[in-house]
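A.B. asks: predicted model, plus sequence, below.
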Amino acid sequence: MTQTAKMTLTATAAALLAAGVTLTTTASGWTLPGFHKAPTPAAASADATAGSAAPTTATLAVPTAAAPAIALPAAQVPNYRAIVQTQGPAVVGITVAGMHKVGAEDADEAPAARGDEDPFFRFFRGVPGMRMPQQMNPGAQPFRGQGSGFIISSDGIVLTNAHVVRDAKQVTVKLSDRREFAAKVLGSDPATDIAVLKLDATGLPTVQLGDAKQVQVGDYVLAIGAPYGFEQTATQGIVSAKGRSLPGESVVPFIQTDAAVNPGNSGGPLFDASGRVVGVNAQIYSQSGGFQGLAFSIPVDVALKVKDQIVAHGKVEHARLGVTLQDLSAPLAASFGLEAPDGALVSSVQPGSAAAKAGLKAGDVITGIDGEPVRVAGDISSRVGLARPGDKLKLELWRDKSRVNETVALGRADKAEQEASAAPEGGSLGLALRPLERQELRGSGLDHGLLIERVTGPAQLAGVQPGDVLLALNGKPVQDIEQVRAALKSSPKQVALLVARYGQQIFVPVRLG
């Protein structure tokens with residue numbers, strides 16, 4: 001053996017010994033120990049009679065484990081091919097066209113284009129190259145865009161994201177077999193970002209619905225959608241986290257995944273390993289505008305609750321507790337006498353709210369709702385936001401270093417945006433309205449009216465502006481949104497709106513044809 005070979009052998013032996021491996025050397029070279037390759041009977045006999053070639057063994061004690069390794073069940077990779085083949089036909093592409101108000105937050109623009117740096121944003125961006133030049137109203141810009149959705153009933157009920165169909169005048173749904181349908185928007189809920197569409201068809205393929213509560217971190221998931229317009233694109237990953245609360249007013253406990261989703265996936269389904277829908281893809285975290293490993297889906301049970309309200313009532317009502325909450329830190333928990341920083345700290349209670357009527361106070365720590373523990377403030381916002389006004393919740397509180405139970409009847413979230421839409425036969429007025437609050441009425445000197453929060457379509461073309469107060473429709477005063485809907489049920493071709501603007505009252509004729 002050469003000197004170089006000896007040095008190499010010595011280095012190798014040292015490395016193996018350091019790893020707890022026994023190395024056997026012979027006159028002609030070196031071999032791996034018996035646990036790697038069992039010797040044959042012939043080899044064992046030869047070793048016994050080798051004489052001068054008898055091996056020399058260098059050993060290093062291998063420490064025994066203090067406890068056996070935990071036996072985990074074998075995880076099997078899902079049959080993605082079968083999921084795509086059986087569920088893919090119920091995944092649809094959605095093409096929309098309409099008018100976006102210039103200067104407003106646009107869902108089809110990247111964060112840099114919107115002038116902010118928030119990396120959390122909805123990933124409906126529209127198909128590149130399909131934006132149309134500004135024309136007609138200088139305060140609006142025509143747009144075309146694309147998202148995804150999925151069919152949940154054979155008579156044409158489709159779920160997608162609310163921001164996919166926001167401001168859309170035309171909604172077209174395309175199936176995997178190339179059939180296309182003009183879709184009607186039954187309703188949308190910006191708070192949860194869920195919209196429900198209706199197709200005039202029967203016998204359509206449908207997805208299988210799963211239970212998002214059964215999905216655990218580490219489980220396999222599959223997303224199908226139309227990123228950048230590439231229809232029926234499937235991507236896979238795992239569940240990265242559950243119950244995520246994102247910045248803003250969202251009441252959704254998002255499912256976080258690392259399945260690759262991009263602009264155009266918005267509204268598409270997220271499948272579990274058995275091929276059942278457990279989520280609706282809605283947002284991504286990105287500093288580039290594209291996928292960076294963090295995607296967020298709305299749990300399917302949340303989407304179905306919203307769907308049921310929209311189908312039954314045409315709108316969604318959210319409850320309100322009336323408190324400002326913050327997460328507990330370890331120092332805060334210690335100062336309140338808690339052993340662990342679990343719960344939501346009440347920092348303020350709004351006068352006259354449901355929380356005030358139930359006796360909640362600043363400094364209370366909400367530790368449970370209806371017997372379920374509260375870990376962070378997001379647990380409460382999602383639970384309350386998805387409840388109905390009037391629902392009663394049993395709150396477990398930590399107050400003055402003792403446990404207290406309170407029952408609260410939830411109020412109505414009046415600030416939730418509500419759409420004044422036309423009856424099925426008529427056209428849309430294009431107003432997003434909400435009742436004026438007491439302080440707003442006092443400040444404006446008005447005794448009634450509905451605040452116009454957003455304007456699209458016919459009302460926008462007629463010159464109605466956000467911030468106007470709708471006082472009357474066709475000469476009849478309006479006190480609530482239902483009066484506006486009632487006035488539109490006869491499908492009038494034109495209506496006269498009386499609006500208050502900067503202390504002045506003017507009539508604005510709006511053509512609905």
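C.D. replies: Good, I have the coordinates.

A.B. asks: can we go C-alpha only for contacts and neighbour counts from here?
C.D. replies: OK.

A.B. asks: so who does residue 231 touch?
C.D. replies: 93, 176, 225 (CA atoms under 8 Å, 6 or more residues apart in numbering).

A.B. asks: can I get the buried part of those as one PyMOL selection?
C.D. replies: Filtering these down to the buried ones (16 or more other CA atoms under 10 Å) takes a single PyMOL command:
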select buried, resi 93+225
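
A.B. asks: so residue 156 versus residue 87, what's the distance?
C.D. replies: Using CA to CA, to the nearest Å, residue 156 is found at 16 Å from residue 87.

A.B. asks: right, I mislabeled it, should have said residue 484
C.D. replies: 41 Å.

A.B. asks: can I get the contacts of residue 231 in a markdown table including pLDDT?
C.D. replies: Below are those laid out as a markdown table (pLDDT from 0 to 100):
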| residue | pLDDT |
| --- | --- |
| 93 | 96 |
| 176 | 93 |
| 225 | 96 |
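
A.B. asks: shaky segments in the stretch 51-200 of the chain?
C.D. replies: Residue ranges of the stretch 51-200 of the chain with pLDDT under 70: 51-75, 100-140.

A.B. asks: where do the helices sit along it?
C.D. replies: Assigned by DSSP state H, counting those that start in this stretch, the helices in the stretch 51-200 of the chain fall at 80-87, 111-114, 162-165.

A.B. asks: in JSON lines, list those along with distance to residue 394 and mean neighbour count.
C.D. replies: Shown next, in JSON lines, are the helices of the stretch 51-200 of the chain (distance: least, CA to CA, whole Å; neighbours: other CA atoms under 10 Å):
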{"stretch": "helix 80-87", "distance to residue 394": "40", "mean neighbour count": "16"}
{"stretch": "helix 111-114", "distance to residue 394": "41", "mean neighbour count": "15"}
{"stretch": "helix 162-165", "distance to residue 394": "31", "mean neighbour count": "26"}
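
A.B. asks: let me have the ones you listed in a markdown table, extended by distance to residue 440.
C.D. replies: As requested, these are arranged in a markdown table below (distance: least, CA to CA, whole Å):
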| stretch | distance to residue 440 |
| --- | --- |
| helix 80-87 | 50 |
| helix 111-114 | 29 |
| helix 162-165 | 28 |
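
A.B. asks: ok, which of the ones you listed comes nearest residue 254?
C.D. replies: helix 162-165 (15.6 Å; CA to CA).

A.B. asks: residue 435 contacts residue 447, correct?
C.D. replies: No - if you go by CA atoms under 8 Å, residue 435 and residue 447 don't touch, sitting 11.5 Å apart.

A.B. asks: the more surrounded of those two?
C.D. replies: residue 435 (22 against 12; other CA atoms under 10 Å).

A.B. asks: how near is the closest residue to the more buried one other than its chain neighbours to residue 440?
C.D. replies: For residue 435, ignoring the flanking residues on the chain, the nearest one in space by CA to CA, 6 or more residues apart in numbering is residue 450 at 4.7 Å. Here the criterion is CA to CA. By it, residue 450 lies 11 Å from residue 440.

A.B. asks: and the two? which has more neighbours close in?
C.D. replies: residue 450 (23 against 13).

A.B. asks: and that one, what are its bridge partners?
C.D. replies: Per DSSP bridges, the residues bridged to residue 450 are residue 435, residue 470.

A.B. asks: pLDDT score for it?
C.D. replies: Per-residue pLDDT puts residue 450 at 90.

A.B. asks: so what's it up against?
C.D. replies: 433-436, 469-471, 478-481.

A.B. asks: so it versus residue 494, what's the distance?
C.D. replies: 20 Å.

A.B. asks: kindly report the same for residue 295.
C.D. replies: 44 Å.

A.B. asks: then residue 80?
C.D. replies: 53 Å.

A.B. asks: now residue 291
C.D. replies: From residue 291 to residue 494 the distance is 46 Å (CA to CA).

A.B. asks: mind checking which of these two has more residues around it?
C.D. replies: More neighbours surround residue 291 than the other of residue 291 and residue 494, with 18 against 15 (other CA under 10 Å).

A.B. asks: for the more buried one, give me its contacts.
C.D. replies: Counted by CA under 8 Å, 6+ apart, residue 291 has contacts 260-262, 284-285.

A.B. asks: can you give me the strands in the stretch 151-300 of the chain?
C.D. replies: 157-160, 168-174, 180-182, 184-189, 194-198, 220-225, 233-244, 254-257, 269-272, 277-285, 295-299 (DSSP state E, counting those that start in this stretch).

A.B. asks: contacts only, for residue 305.
C.D. replies: Neighbours of residue 305 in contact, by CA under 8 Å, 6+ apart: none.

A.B. asks: helix/strand/coil for it?
C.D. replies: Taking DSSP: H, G, I helix; E, B strand; the rest coil as the rule, one finds residue 305 in the helix state.

A.B. asks: any idea how far it is from residue 87?
C.D. replies: Taken as CA to CA, the span from residue 305 to residue 87 is 22 Å.

A.B. asks: go on, residue 368?
C.D. replies: Taking CA to CA, one finds residue 368 at 38 Å from residue 87.

A.B. asks: please apply the same query to residue 159.
C.D. replies: On the measure of CA to CA, residue 159 and residue 87 end up 15 Å apart.

A.B. asks: go on, residue 486?
C.D. replies: 40 Å.

A.B. asks: just residue 512 next, same as before
C.D. replies: 40 Å.

A.B. asks: what do you get for residue 314?
C.D. replies: For residue 314, the distance to residue 87 - CA to CA - is 28 Å.

A.B. asks: those helices in the stretch 301-450 of the chain, which residues are they?
C.D. replies: Under DSSP H, counting those that start in this stretch, the stretch 301-450 of the chain gives helices at 330-335, 354-358, 377-385, 438-444.

A.B. asks: nearest to residue 220, of these?
C.D. replies: helix 377-385 (24.4 Å).

A.B. asks: other SSEs contacting the closest one?
C.D. replies: When contacts are defined as 3 or more CA pairs under 8 Å, 6 or more residues apart in numbering; DSSP states H and E, helix 377-385 sits against strand 233-244, strand 319-320, strand 323-327, strand 344-349.
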